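Visitor: when you get a sec, could you give me coordinates for this:
(chains A and B)
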Protein chains: 2
Amino acid sequence: MDQVLAASKPDDWRSLDPERTLHLELPAGVIVIELAPEFAPRHVDNIRTLVRERFYDGLPILHVQDNFVVQWGDGEGTRSVGSARRTLSPEFTRTLEGVPFQALPDRDAYAPQSGFAGGLPAARDPDHGTAWATHCYGMVGAGRDEAADSGGGTELYVVSGHAPRQLDRNVTLVGRVVQGMELLSALPRGRAALGFYDAEQSKPLITRVRLAADVPADERMALELLRTGTPAFSALVEARRNRTETWYKVPAGSIDVCNVPLPVRRRP
Amino acid sequence: MDQVLAASKPDDWRSLDPERTLHLELPAGVIVIELAPEFAPRHVDNIRTLVRERFYDGLPILHVQDNFVVQWGDGEGTRSVGSARRTLSPEFTRTLEGVPFQALPDRDAYAPQSGFAGGLPAARDPDHGTAWATHCYGMVGAGRDEAADSGGGTELYVVSGHAPRQLDRNVTLVGRVVQGMELLSALPRGRAALGFYDAEQSKPLITRVRLAADVPADERMALELLRTGTPAFSALVEARRNRTETWYKVPAGSIDVCNVPLPVRRRP
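Guide: Got it, this is the predicted structure:
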């Protein structure tokens, strides 16, 4: 992997767009989330409004369920959403057209095809003309209640365990953690049912969330992501599918979409 | 899942065998590991000797790599192994014969077939007559260096992230955490390369490891595991493959072997 990245060209990388990047600030540090307007344009717009109107500031992390998710937000639904919407119609899938899809040839337990689209791990069903982002580690979704249209971004979760792909097409995925995931994944697990924090556990509070575009330029993290449509990325996937390090005695010969790294670096 | 378990019969459950169960004690609590003699008889014997001769007591957790593994043991290779062996020939795969295998019909990215054997998530290759335990969350393996025969149990790791199935058939898996996984998975991540703890991070120390057979009966945890060969387990798999809870709008229709829960309960 290091060799592949060392051989990449400057154009193989893209900068984070500050209009689609969040800084989620906890006392322990900053988590950077890239939003996914290709899959969830309405949710991304709504989350942008919620952020700019400081909806998330001071809200708690509500539950941390081992090998599943970390969820934060307005659990009681009592905080004003200002000019944003509390709920939205779902964006569980999208049409195939209009988003380039780099398919993997590998078997996938949950979809006819998996691969990458919009910089994210994704899947598609050509027979039904649909594509969707997949619940891999680090993916961020909009929690909802029973009704499909009961989410909107007032509660968000991040996948912190083995990919719960059964959630695909059942929740709107809104982005991905590109830096600082360990600040969430190492949080103490909630001791109540479903990983909720019980009364004796103090809930970590979100200091604030800012859109990167609203962060002074000298405080922004200059991060770049490897483009998934490049030969460098294809070489990376192959290097992970069939490891050539001498430590490996049997190459896997195949790869799960959620095991493909999506490299992030500081801009050189 | 609750309904399926509520409908299970007493005989659907098996007690942990104290001769193949470890209590790994950290200051934060006890982790229970079931050993896997069906897949790694030599390693299990060796680990039993290491435990009984107190090899692991006082050793540190060495690295905690986010979305990968937690590893502990004798990193320098300087502690005496007593009457145990420091290294063993590998037990990466076994023959198909002699271990009942409950195959899943679902696609698997890494093997021709996946399923369950010896109470563990597993895979098999009928064309080559081999079976192996799979690197799912909570599985415990014997760390090794470059050479295939350089492991033996003096360093152990547990999978703490999305299943790194590329390790299948490359490392000897020796068991599975059946209780207390969150005591390992929520540990602070190491800040040095590969998740090693750096000089400023204090390494958590193992208080001691005991074979359950050597633990006084009133201190043993009376745990039971659902047998994977039962109709109750098949019903559980199906309930997870196609969720019938009204929250789910689209059933997955399929399942990844590493997303099948292996239920553990206190003996009623």
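Visitor: contacts, neighbours, all on C-alpha from now
Guide: Fine.
Visitor: A:Val64 bridge partners, please.
Guide: Beta-bridge partners recorded for A:Val64 (DSSP bridges): A:Val70.
Visitor: which residues does it contact?
Guide: A:Val64 is in contact with A:70-71, A:187-190, A:195-197, counting by CA atoms under 8 Å, 6 or more residues apart in numbering or on different chains.
Visitor: mind listing the helices for the stretch 51-200 of chain A?
Guide: Using DSSP state H, counting those that start in this stretch, the helices of the stretch 51-200 of chain A run over residues A:181-185.
Visitor: still on that earlier bit, of the contacts of A:Val64 - the most surrounded one?
Guide: Neighbour counts for the contacts of A:Val64, by other CA atoms under 10 Å in any protein chain shown, peak at A:Val70, which reaches 27 neighbours.
Visitor: can I assume that one is in contact with A:His63?
Guide: Yes. Using CA atoms under 8 Å, A:Val70 makes contact with A:His63 at a distance of 5.8 Å.
Visitor: columns distance to A:Gly151 on top of the contacts of A:Val64, output as TSV?
Guide: Shown next, in TSV, are the contacts of A:Val64 (distance: CA to CA, whole Å):
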residue	distance to A:Gly151
A:Val70	16
A:Gln71	13
A:Leu187	24
A:Pro188	26
A:Arg189	24
A:Gly190	23
A:Gly195	20
A:Phe196	19
A:Tyr197	22
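Visitor: redo those residues as CSV? Include distance to A:Pro216 and pLDDT.
Guide: Listed next are these as CSV, based on distance: CA to CA, whole Å; pLDDT from 0 to 100:
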residue, distance to A:Pro216, pLDDT
A:Val70, 28, 98
A:Gln71, 28, 98
A:Leu187, 29, 97
A:Pro188, 32, 95
A:Arg189, 34, 96
A:Gly190, 35, 96
A:Gly195, 36, 94
A:Phe196, 35, 95
A:Tyr197, 34, 95
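Visitor: so of those, which ones are in strands?
Guide: Within the contacts of A:Val64, residues falling in strands by DSSP state E are A:70-71.
Visitor: was I right to think A:Ala239 contacts A:Leu5?
Guide: No. Using CA under 8 Å as the test, A:Ala239 is too far from A:Leu5 to be in contact (10.9 Å).
Visitor: need the residues of the stretch 1-150 of chain A near chain B, please.
Guide: With CA under 8 Å from any CA of the partner chain as the criterion, the stretch 1-150 of chain A comes near chain B at residues A:66-67, A:106-110, A:137, A:145-148.
Visitor: just the buried residues from those residues, in PyMOL please.
Guide: Here is the PyMOL command that selects the buried residues among the residues of the stretch 1-150 of chain A next to chain B (16 or more other CA atoms under 10 Å in any protein chain shown):
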select buried, chain A and resi 66+67+106+107+108+109+110+137+148
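Visitor: any chance of the residues of the stretch 1-150 of chain A next to chain B in a markdown table, plus pLDDT?
Guide: Shown next, in a markdown table, are the residues of the stretch 1-150 of chain A next to chain B (pLDDT from 0 to 100):
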| residue | pLDDT |
| --- | --- |
| A:Asp66 | 98 |
| A:Asn67 | 98 |
| A:Asp106 | 98 |
| A:Arg107 | 97 |
| A:Asp108 | 98 |
| A:Ala109 | 97 |
| A:Tyr110 | 98 |
| A:Tyr137 | 98 |
| A:Asp145 | 96 |
| A:Glu146 | 97 |
| A:Ala147 | 98 |
| A:Ala148 | 98 |
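Visitor: tell me how far A:Pro60 lies from A:Arg191.
Guide: The gap separating A:Pro60 from A:Arg191 is 16 Å, by CA to CA, to the nearest Å.
Visitor: more crowded one of the two?
Guide: For A:Pro60 and A:Arg191, the more surrounded residue by other CA under 10 Å is A:Pro60, and the numbers stand at 19 against 16.
Visitor: could you pull up the contacting residues of that one?
Guide: A:72-74, A:203-206.
Visitor: and if you look at A:Gly141?
Guide: A:156-158, A:171-175.
Visitor: show me the strands in the stretch 1-150 of chain A, by range?
Guide: Listed in chain order, the strands of the stretch 1-150 of chain A (DSSP state E, counting those that start in this stretch) span A:13-15, A:21-26, A:29-35, A:61-64, A:69-73, A:94-95, A:101-103, A:113-117, A:120-125, A:130-133, A:139-142.
Visitor: what packs against the first one?
Guide: Here strand A:13-15 touches strand A:223-226, going by 3 or more CA pairs under 8 Å, 6 or more residues apart in numbering or on different chains; DSSP states H and E.
Visitor: average model confidence for the strand it packs on?
Guide: Mean pLDDT, computed over strand A:223-226, is 97.
Visitor: stretch A:248-256 now?
Guide: Average pLDDT, stretch A:248-256: 97.
Visitor: may I have it as CSV, with CA atoms only?
Guide: Taking C-alpha atoms only, stretch A:248-256 is exported to CSV below (Å, rounded to 0.1, in the frame of the first residue of the first chain):
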residue,chain,number,x,y,z
TYR,A,248,1.3,-13.4,3.6
LYS,A,249,1.5,-17.0,2.7
VAL,A,250,-1.9,-17.3,1.0
PRO,A,251,-3.2,-14.3,-1.0
ALA,A,252,-7.0,-13.8,-0.4
GLY,A,253,-7.7,-13.5,-4.1
SER,A,254,-10.7,-11.4,-3.4
ILE,A,255,-11.7,-8.4,-1.3
ASP,A,256,-14.8,-7.1,0.6
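Visitor: quick check: buried residues in it?
Guide: By 16+ other CA under 10 Å, the buried positions in stretch A:248-256 come out as A:248-252, A:254-256.
Visitor: show me the residues you listed that map onto strands.
Guide: When those are checked against strands (DSSP E), there are no matches.
Visitor: determine which two of those are furthest apart.
Guide: A:Lys249 and A:Asp256 (19.1 Å; CA to CA).
Visitor: what's the neighbour count on the closest residue in space to A:Val30 that isn't next to it in sequence?
Guide: Among residues not flanking A:Val30 along the chain, A:Leu24 sits closest, at 5.6 Å (CA to CA, 6 or more residues apart in numbering or on different chains). Look at A:Leu24: counted by other CA under 10 Å, it has 22 neighbours.
Visitor: if we can go back for a sec, figure out which of the strands of the stretch 1-150 of chain A is closest to A:Pro164.
Guide: Of the strands of the stretch 1-150 of chain A, nearest to A:Pro164 by CA to CA is strand A:69-73, at 9.0 Å.
Visitor: now for the closest one, which elements pack on it?
Guide: In terms of contacts (3+ CA pairs under 8 Å, 6+ apart), strand A:69-73 is packed against strand A:61-64, strand A:155-159.
Visitor: most packed of these?
Guide: Mean neighbour count (mean count of other CA atoms under 10 Å in any protein chain shown) peaks for strand A:61-64 among the helices and strands packed on strand A:69-73, with a mean of 26.
Visitor: dump it to CSV, restricted to CA.
Guide: What follows is strand A:61-64, C-alpha atoms only, in CSV (Å, rounded to 0.1, in the frame of the first residue of the first chain):
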residue,chain,number,x,y,z
ILE,A,61,-23.2,11.2,22.4
LEU,A,62,-26.2,9.0,23.3
HIS,A,63,-25.1,5.5,22.8
VAL,A,64,-22.0,3.5,22.0
